[in-house]
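Chemist: Test case, fold it:
(one chain, ligands or ions: 1)
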Amino acid sequence: MWYSNKAPIIERKYSKSIIHHFKIGSHLGLTINPYQGCQHRCGYCYATYKWSPNFYDKIYGKINAAEILESELNKWKNTSMLPVMISSATDAYQSAEAKFGITKKCIQVLQQYHIPFYIFTKSSLIERDLDLFSKYSDDCFIVWSITTVDEKLRRIIEPGTPPASRIFETINKFVESGIKCCVNIDPIIPFITDGEQQIRNIVNKCQQSGLGNISGSVLRLRYDIWPRIREVLELIDLSWAIKEYEQIYGFQEPILHENNLTVDERYADKVMSSLKYEIFNRNIEFGFEKLMEQISRMKQECPVSLQQCRISEFL
Ligand code: SF4
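Modeler: Below is the predicted model:
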């Protein structure tokens with residue numbers, strides 16, 4: 001259950017490997033997940049597959065991640081690498097990081113080996129490592145995923161995350177320090193966070209922070225995500241929208257297959273056009289492809305074959 005006041009159990013574990021490929025459509029990248037599970041408890045989380053039933057409640061810190069990373073990078077010595085994403089299936093700066101510092105150690109290893117990287121987070125704890133990123137600002141960027149600036153709503157849909165106001169304080173510090181930053185409005189959740197004014201409110205905050213890049217996309221639905229979204233709809237008195245979901249995602253309850261359902265094109269176009277309108281009006285760039293180009297030092301494929309790596313799902 002995503003909505004719980006219970007503190008998660010936090011444990012250590014030893015990993016055999018740490019750097020893996022992920023795939024989105026035809027795009028391949030490299031990722032590190034220093035933790036398994038996530039205390040941020042987002043109802044829409046894509047990383048909650050059936051093989052991780054305690055995803056929100058049992059957090060494993062991969063205590064040997066930095067050592068494993070160093071030995072993996074040693075094998076790749078003198079070869080170029082794609083920028084590494086931290087992280088695809090957890091938040092590397094959830095509270096457990098304050099206790100373990102695993103992400104920080106991994107970043108120090110990446111910097112030691114001159115590997116460019118980018119971080120996806122919803123946390124303000126990342127501020128602790130501001131100096132680390134400042135020294136490496138040509139070769140990294142940070143993406144904060146923000147779904148809403150409505151505090152009442154945030155407490156329901158992602159109760160373990162910091163309030164957006166706190167995250168924007170952190171973003172301000174990073175922007176002022178000259179670190180490349182982006183806000184990812186993702187997922188935009190139909191009938192819950194997709195209002196024009198709701199999106200405008202986030203974009204306004206980004207503009208006030210001096211952010212140059214904003215990205216976003218509409219929720220993908222899956223058999224295990226839908227019951228949580230349905231419950232959110234009921235909690236915020238939007239039960240009427242349940243039928244609308246069946247229409248715009250084209251399903252009938254229960255969802256029996258494990259594939260992601262994408263929202264219908266007309267709906268997606270409408271929402272994304274309104275986001276892009278807000279962004280372009282403020283001279284902000286959509287997406288973070290240019291940031292990626294700036295930190296990518298190689299154009300050829302990573303020398304490690306896909307067979308050698310697990311392919312993880314993009315978060
Ligand atoms: S922060 Fe990311 S990994 Fe953690 S619960 Fe939210 S969506 Fe899932």
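
Chemist: does the lengthiest strand in the chain come close to the ligand?
Modeler: When the chain is scanned for its longest strand (criterion: DSSP state E), the result is strand 180-188. No. No part of strand 180-188 sits near the ligand under the criterion Cβ under 6 Å from any ligand atom; the closest distance found is 8.8 Å. From N, CA and C alone the C-beta is placed, and that goes for glycine too.

Chemist: residues making contact with that strand?
Modeler: Contact with strand 180-188 is made by 44, 120, 137, 140-147, 171, 174-175, 193-194, 199, 202, 206, 209, 211-220, 271, 275, 288, 291, 294-295, as judged by Cβ atoms under 8 Å, 6 or more residues apart in numbering.

Chemist: What values do phi and psi take at the most centrally placed residue in the chain?
Modeler: By Cα atoms, centre = their mean, the chain has its centre lying nearest to Phe120, at 4.4 Å. Main-chain torsions, Phe120, degrees, to the nearest 10: phi -110, psi 130.

Chemist: got it, and Thr121?
Modeler: The phi/psi pair for Thr121 (degrees, to the nearest 10) is phi -150, psi 160.

Chemist: How about Ser165?
Modeler: The phi/psi pair for Ser165 (degrees, to the nearest 10) reads phi -60, psi -40.

Chemist: From Arg266, how far out is it?
Modeler: 34 Å (Cβ to Cβ, to the nearest Å).

Chemist: cool, and Ser296?
Modeler: 35 Å.

Chemist: Looking at these two, which one has more neighbours?
Modeler: Between Ser296 and Arg266, counted using other Cβ atoms under 10 Å, Ser296 has the larger neighbour count: 14 against 9.

Chemist: Roughly how far does the more buried one sit from Leu82?
Modeler: Shown here: Ser296 relative to Leu82, a distance of 7 Å by Cβ to Cβ.

Chemist: Repeat that for Ile179.
Modeler: 20 Å.

Chemist: Between those two, point out the one with more neighbours.
Modeler: With neighbours defined as other Cβ under 10 Å, Ile179 and Leu82 compare such that Leu82 has more, 22 against 17.

Chemist: In the stretch 101-250 of the chain, which residue sits closest to the ligand?
Modeler: Residue nearest to the ligand within the stretch 101-250 of the chain: Lys122 (4.8 Å; Cβ to the nearest ligand atom).

Chemist: What residues does the residue lying closest to that residue once chain neighbours are set aside make contact with?
Modeler: Excluding the flanking residues, the one nearest Lys122 by Cβ to Cβ, 6 or more residues apart in numbering is Thr161, at 4.6 Å. Shown in contact with Thr161 (Cβ under 8 Å, 6+ apart): His40, Arg41, Cys42, Lys122, Ser123, Arg154, Ile167.

Chemist: Sticking with Thr161, tell me its helix or strand.
Modeler: Assigned by DSSP states H and E, Thr161 belongs to neither a helix nor a strand.

Chemist: Show the contacting residues for Ala66.
Modeler: Ala66 neighbours (Cβ under 8 Å, 6+ apart): Ile102, Lys105, Cys106, Gln108, Val109.

Chemist: Quick check: Gln252 touching Ile242?
Modeler: No. Using Cβ atoms under 8 Å, Gln252 is not in contact with Ile242, being 11.7 Å away.

Chemist: helix, strand or coil for Cys106?
Modeler: Per DSSP: H, G, I helix; E, B strand; the rest coil, the secondary structure class of Cys106 is helix.

Chemist: Can you tell me how far it is from Pro34?
Modeler: 6 Å.

Chemist: before we move on, what about Ile171?
Modeler: 22 Å.

Chemist: These two - which one has more neighbours?
Modeler: Pro34 (30 against 27).

Chemist: Pretty sure the more buried one sits against Ile68.
Modeler: No. Applying Cβ under 8 Å as the test, Pro34 and Ile68 come out as separate, 10.5 Å apart.

Chemist: My reading is that Ile10 is in a helix; is that accurate?
Modeler: No. Per three-state DSSP, Ile10 lies outside any helix segment and is strand.

Chemist: Give me the number of neighbouring residues for it.
Modeler: Ile10 has 17 nearby residues by other Cβ under 10 Å.

Chemist: Phi and psi next, for Thr262.
Modeler: Residue torsions, per degrees, to the nearest 10, at Thr262 are phi -100, psi 150.

Chemist: Name the residues contacting each of Pro34 and Ile68.
Modeler: Common contact partners of Pro34 and Ile68 (Cβ under 8 Å, 6+ apart): Ile18, Lys62.

Chemist: Name the single longest helix found in this protein.
Modeler: In the chain, taking DSSP state H as the definition, the longest helix is helix 265-281.

Chemist: pLDDT averaged over that helix - what is it?
Modeler: Average pLDDT, helix 265-281: 96.
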